[in-house]
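Engineer: Sequence first, then the predicted structure, then my questions.
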Amino acid sequence: MLSGLEAAFFYLFAFVVVASAFMVISARNPVHSVLFLILAFFNAAGLFLLAGAEFLAMILVVVYVGAVMVLFLFVVMMLDVDFAELKSGALQYAPIGALVGLILAAELIVVTAGYAFAPELGGAVAQPTPDIATRHNTAALGDILYTDYIFQFQMAGLVLLVAMIGAIVLTLRHKENVKRQDVVAQVARKPVIEVKKVETGKGV
Amino acid sequence: MTPELISSLSLASPELIIAVGALALLMVGVFSGRRANDIVNGLAVAVLAGAGAWMLLFAGHGKAFGGAFVSDPFAVFMKVLMLIGAAITLIMSVGFAKAEKFDKFEYPVLVLLASTGMMMMISANDMMTLYLGMELQSLALYVVAAINRDSARSTEAGLKYFVLSALSSGILLYGITLVYGYTGHTGFDAIASALTDTGRQLGLVFGLVLVLAGVAFKISAVPFHMWTPDVYEGAPTPVTAFFASAPKMAAMALMVRVTMTPFEPIGPDWQQIIVFVSIASMALGSFAAIGQRNIKRMMAYSSIGHVGFALVGLAANTEEGIRGVAIYMLIYLVMTLGAFAFILAMRRKDGNVEQINDLAGLAGTNPMMATLLTLLMFSLAGIPPLAGFWGKWYVFLAAINAELYTLAVIGVLMSVVAAYYYLRIIKIMWFDEPDEGFQPMAGELRLVLGASGLFVLFYVLIGAPIGRMAEAAAKTFF
């Protein structure tokens, strides 16, 4: 069980996660919703830190807060979506939402309770994580990712490269008559430019 | 670097050559200005040839990267076919690129990256490498299908292939999770030994079906073939030629490996699936091609049918059957490349034509082209003594020896039906009123078509060493 400072922080983070998650769906202004979602992610990252999963915590901040949420914010701010109208029928979907939530909760309980029913499952992990005292889990992940799974890791990198090339090939168009900045032309000292000594009071 | 990593890298050196070559050519293309396409295309062919030569001369056999990658005689055989397909289609695209404003240097680079993915598919010995190889290949293929982005049909082809292929990837992944859940492993050898120990469970059969469905999509076997005609018709012709040759080799190799290695202990289960898929592909390929007017669409149905015939060999689940599949794929590759060399050469003054009726009376205007295409069509129909007949002979013989009489009889009947639409092309060329002739063929197309025609004609003479190579490849699994 948690105790002392650890428990205090756990309850702080947990409370803020739940509260801000509630605010995400109840806030009137969609920009506020996104900001509350960011707050929820930060606190979830705090919970991961308490559980000793610092890699997950950092990934959550970097990927979700840094990239995904900023994208969300852009979309919400740039697209003129009438959220009031979107939300108008929300209450009639509440039963279905509650049902989905219940199923998810039941599934989570089954997953976590699996270890209670069959404790030997815990030992059947192919790559057990080393003790946190001997190796941090960022380093432990790196140990596996860059040795046993280096081939798969590099293949995933190639897949992303293809995605990038593909996006550029299919969308980039070189437009004519676009005035691009040409630094070389700007700083070049051509014969046209010269320094003239102007006599005082005469003008050029 | 540990010794294990060094030996792994040396086993995977052909893949490394192509991957590094693709990255280097991307830079070459960016910095070489107007003539980028010609330079990159030539260098890409050189990279593919170099990787193939390196593989045959230096790269050994064995397992690498903790068993995730395997290089064995079967993999080498199929990789050579795949590299030939990719290199020849790149060579054939040169003339088309000039004529049809298809001059993007990214095309050869993407073909190289797709080839890397296909090499990894052929060598996959783990569900993870299987999936990653397949995604690398498919992602590059979506882009090349839509590469002519100003044409509505090309973008439609790319989008259609993308959406359906993403669905099939999902099905494949779901199958992989089920297999992993019921065996506890992703490595092919570990799955096989787990299956021998525990026998099969119902959930695992679901996994097997879904995995085979995902792979069957890539070889465009019925009932996962819907994308093929539209994509073949919509994509630019050199891209269609590529689609019909190299990826088929890789996906068929993957099909053979998935059934022969991880699911080897439950042979009777997957045999039923393969028999069904094979019969359905042969039937649909034969009947649906009859009504086609566009020659690229007809080739799409023809390729569906040929995949069905090749699967007859796999359904036998014997060494003889796998040898039949290997020989069939080689002969199919040569015939397809020849046929597409011809289709690329169907040019009039105002551009390429694709209708079958445009071939009317070709025997009068260009007898050499007509003769070579007649040879190829006879071979595709399976008329002895041409190559196509021997491909069918080996797979049907394997099916009969494995006592799959129904499959063999249906197969022979379907090849008779298929002969109709191949013979119709010959009839149109030789007996219909001459139309306006085609422009003279480009040198490289003439070379490919000629070589392909000679191969199918003289296969009887060169068949013995090819058969021995295929036999060595098939021995891998037995």
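Structural biologist: Received it, and whenever you're ready, just let me know what you need.
Engineer: got the residues of chain A near chain B?
Structural biologist: Within chain A, the positions near chain B by CB under 8 Å from any CB of the partner chain are A:124, A:147-152, A:155-156, A:158-159, A:161-163, A:165-166, A:168-170. (Glycine included, C-beta is placed from N, CA and C.)
Engineer: out of those, which are buried?
Structural biologist: A:Tyr149, A:Ile150, A:Phe151, A:Gln152, A:Met155, A:Leu158, A:Val159, A:Leu161, A:Val162, A:Ile165, A:Gly166, A:Val169 (16 or more other CB atoms under 10 Å in any protein chain shown).
Engineer: one step back: take the residues of chain A next to chain B and keep only those in helices.
Structural biologist: Using DSSP state H, the subset of the residues of chain A next to chain B located in helices is A:150-152, A:155-156, A:158-159, A:161-163, A:165-166, A:168-170.
Engineer: Find the residue at the geometric middle of chain A.
Structural biologist: The centre of chain A sits closest to A:Tyr64, judged by CA atoms, centre = their mean, with a distance of 1.6 Å.
Engineer: Residue 139 is in what secondary structure piece?
Structural biologist: No chain specified, so I'll use chain A. Element membership of A:Ala139, judged by DSSP states H and E, is helix A:137-145.
Engineer: switch to chain B, that's the one I care about
Structural biologist: Per DSSP H and E: helix B:127-145 holds B:Leu139.
Engineer: That helix vs chain A: in contact?
Structural biologist: Yes. Judged by CB under 8 Å from any CB, helix B:127-145 comes into contact with chain A at B:Met128, B:Thr129, B:Leu132, B:Gly133, B:Glu135, B:Leu136, B:Leu139, B:Ala140, B:Tyr142, B:Val143.
Engineer: Surely the second one touches B:Phe69?
Structural biologist: Yes. Under the criterion of CB atoms under 8 Å, B:Thr129 makes contact with B:Phe69 at 6.2 Å.
Engineer: shared neighbours, the two?
Structural biologist: A:Phe151, B:Met120, B:Ser123 (CB atoms under 8 Å, 6 or more residues apart in numbering or on different chains).
Engineer: Taking the stretch 251-400 of chain B, what residue is nearest to chain A?
Structural biologist: Relative to chain A, the nearest point of the stretch 251-400 of chain B is B:Leu254 (14.8 Å; CB to the nearest CB).
Engineer: who are the neighbours in contact with that residue?
Structural biologist: B:Met121, B:Ile122, B:Ala124, B:Leu130, B:Gly133, B:Met134, B:Val215, B:Lys218.
Engineer: Just among these, which is most surrounded?
Structural biologist: B:Met121 (31 neighbours; other CB atoms under 10 Å in any protein chain shown).
Engineer: That residue is in what secondary structure piece?
Structural biologist: helix B:106-122.
Engineer: next one: B:Val307
Structural biologist: Counting by DSSP H and E, B:Val307 is found in helix B:295-316.
Engineer: and chain B, which of its residues are near chain A?
Structural biologist: Going by CB under 8 Å from any CB, the residues of chain B near chain A are B:5, B:8, B:12, B:19, B:23, B:26, B:64-66, B:68-69, B:104, B:106, B:109-110, B:113, B:116-117, B:120, B:128-129, B:132-133, B:135-136, B:139-140, B:142-143, B:146-147, B:149, B:158, B:184.
Engineer: picking that back up, what about the helix holding B:Leu139, average pLDDT?
Structural biologist: Mean pLDDT, helix B:127-145: 95.
Engineer: then it to CSV, C-alphas only?
Structural biologist: Extracted C-alpha coordinates of helix B:127-145, given in CSV (Å, rounded to 0.1, in the frame of the first residue of the first chain):
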residue,chain,number,x,y,z
MET,B,127,5.1,-12.8,-37.2
MET,B,128,6.6,-9.4,-36.5
THR,B,129,9.0,-9.4,-39.4
LEU,B,130,6.2,-10.8,-41.6
TYR,B,131,3.9,-7.9,-40.8
LEU,B,132,6.6,-5.2,-41.0
GLY,B,133,7.9,-6.5,-44.3
MET,B,134,4.4,-6.6,-45.7
GLU,B,135,3.7,-3.0,-44.5
LEU,B,136,6.9,-1.7,-46.0
GLN,B,137,6.0,-3.3,-49.3
SER,B,138,2.4,-2.2,-49.3
LEU,B,139,3.0,1.4,-48.2
ALA,B,140,5.4,1.8,-51.1
LEU,B,141,2.9,0.2,-53.5
TYR,B,142,0.1,2.5,-52.5
VAL,B,143,2.2,5.4,-53.4
VAL,B,144,3.4,4.0,-56.8
ALA,B,145,-0.2,3.1,-57.7
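Engineer: Please, which helix or strand holds the closest residue to B:Met82 other than its chain neighbours?
Structural biologist: Nearest non-adjacent residue to B:Met82, counting by CB to CB, 6 or more residues apart in numbering or on different chains: B:Met249, 4.2 Å away. In this structure, B:Met249 sits in helix B:237-260 according to DSSP H and E.
Engineer: chain center to that helix: distance?
Structural biologist: 3 Å (CA atoms, centre = their mean, to the nearest Å).
Engineer: Past that helix, which element shows up next along the chain?
Structural biologist: Where DSSP H and E defines the elements, the next helix or strand beyond helix B:237-260 is helix B:267-288.
Engineer: what's the host helix or strand of B:Thr228 in contact with?
Structural biologist: Applying DSSP H and E as the criterion places B:Thr228 in helix B:227-234. By CB under 8 Å, 6+ apart, the surrounding residues in contact with helix B:227-234 are B:145, B:151, B:153-154, B:156-158, B:160-161, B:164-165, B:220, B:240, B:243-244, B:292, B:294, B:296-297, B:299-301, B:303-304, B:354.
Engineer: same deal with stretch A:22-39?
Structural biologist: Contacts to stretch A:22-39, defined as CB under 8 Å, 6+ apart, come from residues A:16, A:20-21, A:40, A:65, A:69, A:72-73, A:76-77, A:81, A:83-84.
Engineer: hmm, which of those residues are the buried ones?
Structural biologist: The neighbour-count test (16+ other CB under 10 Å) marks A:Val16, A:Ser20, A:Ala21, A:Ala40, A:Val65, A:Met69, A:Phe72, A:Leu73 as buried among those.
Engineer: of the residues you listed, closest to chain B?
Structural biologist: Sorting the buried ones among the contacts of stretch A:22-39 by distance to chain B puts A:Phe72 at the head of the list, at 22.9 Å, by CB to the nearest CB.
Engineer: In space, what's closest to that closest one - neighbours in sequence excluded?
Structural biologist: A:Val34 (5.2 Å).
Engineer: Going by secondary structure, the one you found is in what exactly?
Structural biologist: helix A:30-50.
Engineer: can I assume A:Arg173 sits in a helix?
Structural biologist: No. If the criterion is DSSP: H, G, I helix; E, B strand; the rest coil, then A:Arg173 is coil and not within a helix.
Engineer: tell me the pLDDT at it?
Structural biologist: For A:Arg173, the model assigns a pLDDT of 81.
Engineer: burial measure for A:Glu6, as a count.
Structural biologist: A:Glu6 has 11 neighbours, counted by other CB under 10 Å.
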